[in-house]
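S.K.: return a 3D structure for these sequence lines:
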Amino acid sequence: MNKPHPAPFFTPDPEAAATSRIADFARRQGIDAGDYAALHHWSVTDLEGFWRAVWEYFDIDADTPYEQVLVEETMPGAHWFPGATLNYAHHALRNLTDDEVAVIALDETGSGYEVTGKRLRSQVASVAATLRDLGVGRGDRVVGYLPNTPHAIVAFLAAASLGAVWSVCGQDYAPQAAADRFAQLEPTVLIAADGYLFNGSTHDRREAVLELACALPTLKATLLVDHVGLPWPSRNYPSLVVPWEDASTRTEQLTCAAVPFDHPLWVVFSSGTTGLPKGIVHGHGGVLLEHLKTLGLHSDLGPGDRLLWYTTTHWMMWNLVASTLLTGATTCTYEGSPAPLARPDVLWELAARHRVTVFGTSPQYLLGMAKFGIDPSVHDLSSVRVVGCTGSALPASAYPWVRDHVGERVLLASISGGTDIVSGFAGSAPTTPAWAGELSAPHLGVALAAYDAEGVPVLDRVGELVVTRPMPSMPLSFWNDPDGSRYHHAYFSTYPGVWRHGDWITVTGHGSVIVHGRSDSTLNRNGVRLGSADIHDVVERLPEITEALVIGAEEPDGGYWMPLFVVPAAGVAVDDGLRDRIKEAIRTGASPRHVPDEILEVPAIPHTRTGKKLEVPVKRLLQGAPVEQVVNPAAVDAPGLIDYYARLGADRRGRRSAEA
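M.R.: Okay, here's the model as predicted:
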């Protein structure tokens, strides 16, 4: 007998659903506007028809037309819209009116300023002309060491307008961590700020900028942004120095270079779990279509809307924040802590003041608001219709809290995606119901399934998240991967011809998706993916430590535990003083986000017999998975350690149960 479908926690207002863009899009295809399942089925069974419809619905302005939608559907290797030439920056700026607000710059103090469409276009044109004068051309790389402010958006659009390739990293990353990413790209220009604001403090990054510039030998110039008011001292920079004020205030006309659909737009980096971060290359056309679909249809963004999504510049959500401009909506940048000690509800305050319609955050933020008794409803949040949430699985307990403290007609849109596709695999839409603890449905154009170990799709059972047909925003390539072997190994080595993402999911009988966490070893802290290698490298440089292992474990109550296990050198005690030194080394050598929740002394770290740390097995042992399902002890260099870590996990779960 079929199990009855549970009642949804949230059902969309029929009138609002009927007037949404996704409903209009469905009607134009002759599909019932209220039947999301039918629309999704068409979108993944007729890829050419669906993506042609997205192109036409959003009126893509190509300099030359495409010859056909899709050539070679194989993965990897699909070729989208051959013959078409266009430019992402042109589409980001074309819908902006002179006097309407394009970008609102906000920070944790509650202050901010507005950038009109006219001013944004003017600044992009000026910076583009400056970059061109510095020798930046099509295919050259421009990198940013910047906080989440309008400077980053201007710099990105300026680079994109020239056909240059953009990459950005937040300034809480140490210079070496940033250089590990940027040096691979051999950039022509670095754009960097004097510092950033976080949790009531101004962080001076002037020396860090110089150190980073010196680590990038290919630079022709460094553009210095006066952001927090710290004077730039005279220094021997390895290349020409240009003040941002000079670069961004010229009177210029903007011309966007027409580039092929699959011309590289930006490089986003993996977290660096097993070594140097991998550079993931996305193209102008694929990002353009995917972000218009995600933001325009799934988030229902358009002219008159405003999006505020907490992110850092090195998280892929920053890329979506910038892409809000594609829809004609206003985007908000935000700098600082999401919940600063001085005013922990500042994001809700800003959402109310600026009449935000889509508010984005992470599960940890919502759970923290509930835990500390913060009530967003003291602010007028009547404009908010969607609370987007991504970064990790959102527990069911958050759903009634959002209903009771934000608004009963607000859609809590839990989303699962990745830097890899710089978008979402599953989430919701204005026409979908929502079940607490579940994602409403796969996104349009995403042929999502859960596979068992034999590559068979399963329903109502846990399996690997896979995508069985190509998407336009799948990577063009990995940087410095000429034969594509690293790219193939990352996604297609488990199930040939099928994208395996690295998440455990359940596809339910009522069409929703439940995300159970990462099936690989990537850390996912507060919605930002971090690399364990960044932490190991810093800690293992300390003379007191012989080896370290960090893991991130999703917990049943929706929390996230990130312990660091350390093996001390002979005669060394892991006391509070050493723990403080380790934390400071991580904070300065990697970033504050990399600092673990606990530092625990252990006798040894388990490895495979070829010397690889057993990160995923240790994580699963700590989460309570049976030893026999996790690892074969015969394959471990010290088999006794498996039971040791299993006991650690059991002891912690027992303590937490007693405390509850």
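S.K.: where's the residue nearest to R94 when sequence neighbours are not counted, which helix or strand?
M.R.: Residue nearest to R94 in three dimensions, not counting chain neighbours: D61, with 6.8 Å by CB to CB, 6 or more residues apart in numbering. C-betas here are computed from N, CA, C, even on glycine. Assigned by DSSP states H and E, D61 belongs to neither a helix nor a strand.
S.K.: for D61, the count of nearby residues, please.
M.R.: 10 (other CB atoms under 10 Å).
S.K.: what's the answer for G552, then?
M.R.: 23.
S.K.: distance of it from E615?
M.R.: G552 sits 9 Å away from E615, taking CB to CB, to the nearest Å as the criterion.
S.K.: contacting residues for the residue nearest to R94?
M.R.: By CB atoms under 8 Å, 6 or more residues apart in numbering, D61 lies in contact with L86, H90, H91, R94.
S.K.: can you tell me which helices and strands the helix or strand hosting V616 packs against?
M.R.: For V616, the enclosing helix or strand under DSSP H and E is helix 615-622. Packed against helix 615-622 by the contact rule (3 or more CB pairs under 8 Å, 6 or more residues apart in numbering; DSSP states H and E) you find helix 627-630, helix 640-659.
S.K.: dump those to a markdown table, plus mean neighbour count, distance to I421 and mean pLDDT.
M.R.: Listed next are the helices and strands packed on helix 615-622 as a markdown table, based on neighbours: other CB atoms under 10 Å; distance: least, CB to CB, whole Å; pLDDT from 0 to 100:
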| stretch | mean neighbour count | distance to I421 | mean pLDDT |
| --- | --- | --- | --- |
| helix 627-630 | 13 | 29 | 80 |
| helix 640-659 | 14 | 32 | 88 |
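S.K.: so which bits of the helix holding V616 are buried?
M.R.: E615, V616, P617, V618, K619, R620, L621, L622 (16 or more other CB atoms under 10 Å).
S.K.: before we move on, the earlier item: so which of the helices and strands packed on helix 615-622 gets nearest P233?
M.R.: helix 640-659 (48.7 Å; CB to CB).
S.K.: which residue ranges of the stretch 51-200 of the chain form strands?
M.R.: Along the stretch 51-200 of the chain, the stretches classed as strands by DSSP state E, counting those that start in this stretch are 70-71, 79-80, 85-86, 101-107, 112-116, 141-145, 165-169, 189-193, 195-198.
S.K.: want to try JSON lines for the buried residues of helix 615-622, with pLDDT and distance to G484 as columns?
M.R.: As requested, the buried residues of helix 615-622 are arranged in JSON lines below (pLDDT from 0 to 100; distance: CB to CB, whole Å):
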{"residue": "E615", "pLDDT": "87", "distance to G484": "26"}
{"residue": "V616", "pLDDT": "86", "distance to G484": "25"}
{"residue": "P617", "pLDDT": "87", "distance to G484": "29"}
{"residue": "V618", "pLDDT": "92", "distance to G484": "31"}
{"residue": "K619", "pLDDT": "91", "distance to G484": "29"}
{"residue": "R620", "pLDDT": "88", "distance to G484": "31"}
{"residue": "L621", "pLDDT": "91", "distance to G484": "35"}
{"residue": "L622", "pLDDT": "91", "distance to G484": "35"}
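S.K.: okay if I get those as a markdown table plus distance to L297?
M.R.: Output for the buried residues of helix 615-622, formatted as a markdown table (distance: CB to CB, whole Å):
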| residue | distance to L297 |
| --- | --- |
| E615 | 37 |
| V616 | 35 |
| P617 | 40 |
| V618 | 41 |
| K619 | 35 |
| R620 | 37 |
| L621 | 42 |
| L622 | 39 |
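S.K.: any idea which of those is closest to L289?
M.R.: Checking those one by one against L289 (CB to CB), the nearest turns out to be V616, at 34.0 Å.
S.K.: how close does the closest one get to F269?
M.R.: V616 is 21 Å from F269, by CB to CB.
S.K.: kindly report the same for V550.
M.R.: V550 is 18 Å from F269, by CB to CB.
S.K.: quick one, phi psi at P639?
M.R.: phi -60, psi -30 (degrees, to the nearest 10).
S.K.: contacting residues for it?
M.R.: P633.
S.K.: now with 10 Å, please.
M.R.: P606, V631, N632, P633 (CB atoms under 10 Å, 6 or more residues apart in numbering).
S.K.: what does D140 give?
M.R.: 131, 134, 159, 162-165, 185-189, 218, 220.
S.K.: then V101?
M.R.: E114, V115, T116, G117, R119, L120, R306, T330, T331, C332, H354.
S.K.: pretty sure the last one sits against S383.
M.R.: Yes - contact criterion CB atoms under 10 Å: H354 and S383 qualify, at 8.6 Å.
S.K.: what sits in contact with each of those two?
M.R.: R306.
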